[in-house]
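[1] Provided below are the primary sequence and the corresponding predicted coordinates.
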Amino acid sequence: MTLHVYVTLVTTDSYVPGALVLAHRLRDLGTNKHLACLVTPNNVSSQAKTWLSQCFHDVISVDTIKNESTTAMTNLTLLGRPDLIETLTKLHVFRLTQYDKIVFLDADTYPIRLIDDLFERPSFSAAPDIGWPDCFNSGVFVVEPSLTVYSDLIQLASKKGSFDGGDQGLLNTYFDNWPETSAHRLPFTYNTTPSASYSYAPAYVEFRDKISVAHFIGKQKPWHYQRFADGSVYQRDNNKNDHLQLWWDTWDKHFDKMTPAYLLSTTRTIPLPHYHHYPLLSTPSTSNHPITSKKENVQSIWHDITSSSISSPDKNNFSNFQPIIKNQYHRQHYHHHYKVLEWE
Ligand SMILES: O=c1ccn([C@@H]2O[C@H](COP(=O)(O)OP(=O)(O)O[C@H]3O[C@H](CO)[C@@H](O)[C@H](O)[C@H]3O)[C@@H](O)[C@H]2O)c(=O)[nH]1
Ligand SMILES: [Mn+2]
């Protein structure tokens with residue numbers, strides 16, 4: 001029997017919510033395939049591993065592959081994602097020869113429909129990247145593991161490095177004939193990046209019903225969003241993204257009201273999705289809004305939080321709010337991030 005497996009990767013606790021929702025969603029869509037999650041020993045807590053092992057058939061511990069060269073750091077800075085220093089760990093997927101065929105999915109992907117047909121695609125298949133369609137995006141790919149390819153990739157990483165500092169640059173250098181081989185080119189609907197949909201909005205409207213996988217690329221992940229008391233996701237931009245709501249619907253389906261609180265009380269290291277128990281603190285406006293460019297405004301929001309009359313059992317547990325403000329602030333004003341953290 002051929003062993004077909006969906007594989008994802010978690011190198012930090014901060015991506016655990018993504019992996020949990022992904023596994024549940026794949027099952028909700030009716031797949032009978034095996035589900036596996038790669039985890040690294042350093043930044044994934046044992047609490048997180050327990051949760052993952054309840055959702056995945058296999059939780060496989062792998063070494064961190066860190067790209068610490070100066071060039072890698074420069075390239076990742078160019079990409080605006082210095083946090084992706086460990087994504088070469090994804091290369092371990094190539095050496096999972098205990099499986100015959102793998103559909104790899106980033107922890108920030110969300111299947112819209114059953115995608116088992118991907119296992120019929122040849123190795124190596126991937127979909128174009130929205131930023132440079134002659135490169136593939138490495139958040140979704142189909143592969144037959146091979147130790148030779150794995151060691152070639154490791155060698156390439158140490159000799160030549162990755163042009164973006166992450167796995168995507170390296171894989172595109174290795175599979176450099178990909179843009180010319182149509183059999184290996186998955187439709188963009190298998191790796192649609194709604195967070196970047198502004199680049200061709202009319203196409204997004206025209207083809208949205210054909211989307212198979214949404215991929216929330218970039219710094220802002222679905223589990224970072226605030227929600228209104230009715231559970232709807234709070235989105236600032238006019239470019240509203242329905243997929244975000246679907247992601248949260250899956251979260252709500254599988255994790256009851258008490259789950260996040262329970263998790264937070266047992267470990268404070270997993271930044272779990274912000275539960276909608278908390279209403280938004282203020283109506284969006286330029287002067288009094290969580291997303292603000294001024295330190296003073298952040299301070300005033302902090303004051304709103306600490307003195308608010310919101311009645312919630314966790315009213316005094318302000319640490320629940322803190323990550324949200326950090327994240328929103330980070331997204332808008334990346335360069336001030338560390339200053340703000342210090343200030344907090
Ligand atoms: O702190 C981290 C960072 C990454 N990951 C894992 O690595 C994946 C890639 O990181 P992600 O934040 O999803 O990157 P993207 O925003 O999707 O950026 C692009 O660039 C990355 C680096 O080349 C590629 O890995 C992605 O597939 C590609 O879409 C995640 O989904 C997780 O599975 C973690 O577990 N913890
Ligand atoms: Mn991703």
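    Noted; the coordinates are in hand. Ligands and ions are numbered 1, 2, ... in the order given.
[2] and residue 152, what does it touch?
    Contacts for residue 152 (Cβ atoms under 8 Å, 6 or more residues apart in numbering) come out as residue 174. Every C-beta, even on glycine, is put in place using the N, C-alpha and C of the backbone.
[3] that one and ligand 2, how far apart?
    From residue 152 across to ligand 2, the span is 24 Å (Cβ to the ion, to the nearest Å).
[4] what of residue 169?
    Using Cβ to the ion, residue 169 is found at 14 Å from ligand 2.
[5] then residue 107?
    7 Å.
[6] could you look up the SS state of the nearest residue to that residue once chain neighbours are set aside?
    Leaving out its chain neighbours, the residue that sits closest to residue 107 by Cβ to Cβ, 6 or more residues apart in numbering is residue 18, at 3.7 Å. Here residue 18 is recorded as helix under DSSP: H, G, I helix; E, B strand; the rest coil.
[7] I'd say residue 18 and residue 139 touch.
    No - with contact defined as Cβ atoms under 8 Å, residue 18 does not count as touching residue 139 (11.1 Å).
[8] and residue 68, how many neighbours?
    Counted with other Cβ atoms under 10 Å, the neighbours of residue 68 add up to 8.
[9] with residue 219 instead?
    Residue 219 has 15 neighbouring residues, counting by other Cβ under 10 Å.
[10] was I right to think it contacts residue 79?
    No - the criterion here is Cβ under 8 Å, and residue 219 misses it with residue 79 at 10.7 Å.
[11] any idea how far the single nearest residue of the chain relative to ligand 1 is from residue 11?
    Across the chain, no residue is closer to ligand 1 than residue 166, which sits at 2.4 Å (Cβ to the nearest ligand atom). According to Cβ to Cβ, to the nearest Å, residue 166 stands 12 Å off from residue 11.
[12] hey, where'd the strands end up in the stretch 51-200 of the chain?
    Applying DSSP state E, counting those that start in this stretch to the stretch 51-200 of the chain gives strands spanning 58-61, 101-105, 109-111, 125-128, 136-143.
[13] so which of those strands comes closest to ligand 2?
    Closest approach to ligand 2 among the strands of the stretch 51-200 of the chain is made by strand 136-143 (4.1 Å; Cβ to the ion).
[14] now for that closest one, which elements pack on it?
    Contacts defined by 3 or more Cβ pairs under 8 Å, 6 or more residues apart in numbering; DSSP states H and E place strand 136-143 against strand 101-105, strand 125-128, helix 167-174, strand 213-215.
[15] between the third one and strand 136-143, how big is the angle?
    Per axes from the mean of the first three to the mean of the last three Cα atoms, to 10 degrees, the angle that helix 167-174 makes with strand 136-143 is 70 degrees.
[16] downstream neighbour of helix 167-174 in the secondary structure list?
    Of the helices and strands lying after helix 167-174 in sequence (DSSP states H and E), the nearest is helix 201-207.
[17] does ligand 1 have contacts with stretch 66-84?
    Yes - Stretch 66-84 is in contact with ligand 1 by Cβ under 6 Å from any ligand atom, via 83-84.
[18] buried stuff in that stretch?
    Neighbour counts over stretch 66-84 (16 or more other Cβ atoms under 10 Å) mark 67, 72, 75-76, 79, 81, 84 as buried.
[19] a markdown table for these, including pLDDT?
    Below are the buried residues of stretch 66-84 laid out as a markdown table (pLDDT from 0 to 100):
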| residue | pLDDT |
| --- | --- |
| 67 | 74 |
| 72 | 79 |
| 75 | 80 |
| 76 | 78 |
| 79 | 79 |
| 81 | 82 |
| 84 | 79 |
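[20] just the ones of those in helices?
    72, 75-76, 79 (DSSP state H).
[21] what's near enough to touch residue 170?
    For residue 170, the contact set (Cβ under 8 Å, 6+ apart) comprises 88, 91, 153, 156-157, 161-163.
[22] what about the closest residue to residue 77 other than its chain neighbours, distance to residue 64?
    Distances taken as Cβ to Cβ, 6+ apart place residue 165 nearest to residue 77, at 7.9 Å, with adjacent residues excluded. In this view, residue 165 and residue 64 are 15 Å apart by Cβ to Cβ.
[23] more neighbours, these two?
    For residue 165 versus residue 64, neighbours defined as other Cβ under 10 Å are more numerous around residue 165 (26 against 15).
[24] and that one, what is it in contact with?
    Applying Cβ under 8 Å, 6+ apart to residue 165 gives the contacts 67, 71-79, 81, 84-85.
[25] repeat the analysis, applying 7 Å as the threshold.
    Listed by Cβ atoms under 7 Å, 6 or more residues apart in numbering, the contact set of residue 165 reads 67, 72-73, 75-76, 79, 84.
[26] just the buried residues of stretch 159-172, please?
    By 16+ other Cβ under 10 Å, the buried positions in stretch 159-172 come out as 161-172.
[27] name the nearest residue to the residue most central in space within the chain, ignoring sequence neighbours.
    The residue lying closest to the centre of the chain (Cα atoms, centre = their mean) is residue 108, at 2.5 Å. Leaving aside its sequence neighbours, residue 108 sits nearest to residue 216 (Cβ to Cβ, 6+ apart; 4.5 Å).
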